[in-house]
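Student: mind folding the following:
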Amino acid sequence: MPPPTSPRSLLPWRRWRCAAAAAVLLAAGPLARAAPSLAADCRADQADRAAYRATNGGPGWTGIAQRDGQRQQRVRAAVKAGRLRRAEDFRCAALILLHAGDETALRLAFSLAVQGQVLDPQRPALARLAADAWDRLMMARQQPQWFATQFVATGGDATRFQLYPVQPGLMSEAERARLGGLTDAEIQAELARLNARPAPAAPASPAPPGQDAAPLPVTADATLLLATLDTDLGLANTLAQLLQEGLPAPTTSDGSTPTRLLFIPRDADALRRYFERQVPRIPRFEGSATPTSASAAEIQVDTRNGRVWRVQLGIDDAVQAAATLTVRPNRVFTLTVAQRTAGGPLTLTHIERQP
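Tutor: All right, here's what the predicted structure looks like:
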């Protein structure tokens, strides 16, 4: 989609108003019902992200991505059934779909935000949401954003962010702010927030009875990790996630615990900096659109023999974003993980690919 030559006449809002108004009339028809679960899903969406930021990514992204998919499926069902009636319904639906990341979801998120504006044109949050969706759509198309709402991590440094490129000469700062974008001062404030050095995470508390134990910390020699960059980048990404999020703790008497790890893969240069401890963490997900596919690993802690564990790791590099994720590993590795001192961290000592 080429950049517009006349922003005042071609801004997306002006082209979507009539369609949005018609959709609102249809949604408010006699067969439409309110969406009682939408507000709860909206709160849960924001709570997941608040917890992720508060702990500097401590909980990991796997569970959030799975819950996102379930929420997005419920939103699409509500939209299809015409159950969105109030401006707040449209706001919540747009916000949840904003995190799907694919172009279809982003177009729908933008449309829903604009429909919310038709119902409540004086609500700034709806204008900001529409601008956010439009900018993420431009990012997904690898085009400059319009409203300066999106920030991206620079290189492999997990603590440095910059503004994603903005289409030059498209509109004034005042026009951008009026349409839901960020002012220059807001851009600088957001950069300061994103680039602030995070406080050290508090030690994890023991899990209450009946709940899953916290993931177990894992370490590995840099030489062993760096070798995987040349042999299997998917394996390297999986190991990086295990180092950052920890190994799922056994929850059964024989030590077995099948689980999934879902993540957006990083390139070799970013992983190399992390493995060499040049940066404290692999890049965060905050501030950019989510790809439509990801990588996943099926993890099975098969046996424990004293302080030596065997971990089966099946990797699938092309998991499509969906409410119910289907993981089909196309290769399996056996990891040997040893606890060298009682109560100490686990150390990855050996990696073997299964035939």
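
Student: low pLDDT regions in the chain?
Tutor: Residues of the chain meeting the criterion pLDDT under 70: 1-36, 54-62, 101, 153-159, 197-214, 249-264, 283-298, 301-307, 318-327, 340-344.

Student: please enumerate the helices of it.
Tutor: 7-10, 12-27, 38-54, 62-80, 87-98, 103-119, 124-140, 173-178, 184-194, 222-231, 233-245, 268-275 (DSSP state H).

Student: make JSON lines out of those and add distance to residue 331.
Tutor: C-beta coordinates here come from the backbone N, C-alpha and C atoms, glycine included. Listed next are the helices of the chain as JSON lines, based on distance: least, CB to CB, whole Å:
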{"stretch": "helix 7-10", "distance to residue 331": "48"}
{"stretch": "helix 12-27", "distance to residue 331": "44"}
{"stretch": "helix 38-54", "distance to residue 331": "29"}
{"stretch": "helix 62-80", "distance to residue 331": "20"}
{"stretch": "helix 87-98", "distance to residue 331": "33"}
{"stretch": "helix 103-119", "distance to residue 331": "30"}
{"stretch": "helix 124-140", "distance to residue 331": "29"}
{"stretch": "helix 173-178", "distance to residue 331": "48"}
{"stretch": "helix 184-194", "distance to residue 331": "36"}
{"stretch": "helix 222-231", "distance to residue 331": "11"}
{"stretch": "helix 233-245", "distance to residue 331": "8"}
{"stretch": "helix 268-275", "distance to residue 331": "18"}
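
Student: closest one to residue 333 among those helices?
Tutor: Each of the helices of the chain has some distance to residue 333 by CB to CB; the shortest is helix 233-245, at 6.2 Å.

Student: got the angle for that closest one vs helix 268-275?
Tutor: Orientation check (axes from the mean of the first three to the mean of the last three CA atoms, to 10 degrees): helix 233-245 against helix 268-275 gives 30 degrees.

Student: next, the angle from helix 233-245 to helix 222-231.
Tutor: Angle, helix 233-245 to helix 222-231, by the same axes, to 10 degrees: 150 degrees.

Student: residue 170 and residue 135, how far apart?
Tutor: 12 Å (CB to CB, to the nearest Å).

Student: for residue 237, that is, sorry about that
Tutor: 27 Å.

Student: try residue 106
Tutor: In terms of CB to CB, residue 106 sits 9 Å off from residue 135.

Student: and residue 185, by the same measure?
Tutor: From residue 185 across to residue 135, the span is 18 Å (CB to CB).

Student: what number of residues lie near residue 114?
Tutor: Using other CB atoms under 10 Å, residue 114 has 27 neighbouring residues.

Student: rewinding a little: closest one to residue 346 among the helices of the chain?
Tutor: helix 233-245 (9.5 Å).

Student: and the angle for that closest one with helix 62-80?
Tutor: 100 degrees.

Student: can I get helix 233-245 in CSV? Just the C-alpha atoms.
Tutor: In CSV, the C-alpha atoms belonging to helix 233-245 read as follows (Å, rounded to 0.1, in the frame of the first residue of the first chain):
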residue,chain,number,x,y,z
LEU,A,233,19.2,-22.3,14.8
GLY,A,234,15.8,-23.6,16.0
LEU,A,235,17.6,-25.6,18.8
ALA,A,236,19.7,-22.5,19.7
ASN,A,237,16.5,-20.5,20.0
THR,A,238,14.9,-23.1,22.2
LEU,A,239,18.0,-23.3,24.5
ALA,A,240,18.0,-19.5,24.8
GLN,A,241,14.4,-19.7,26.0
LEU,A,242,15.2,-22.4,28.5
LEU,A,243,18.1,-20.4,29.9
GLN,A,244,15.9,-17.3,30.2
GLU,A,245,12.6,-18.9,31.4
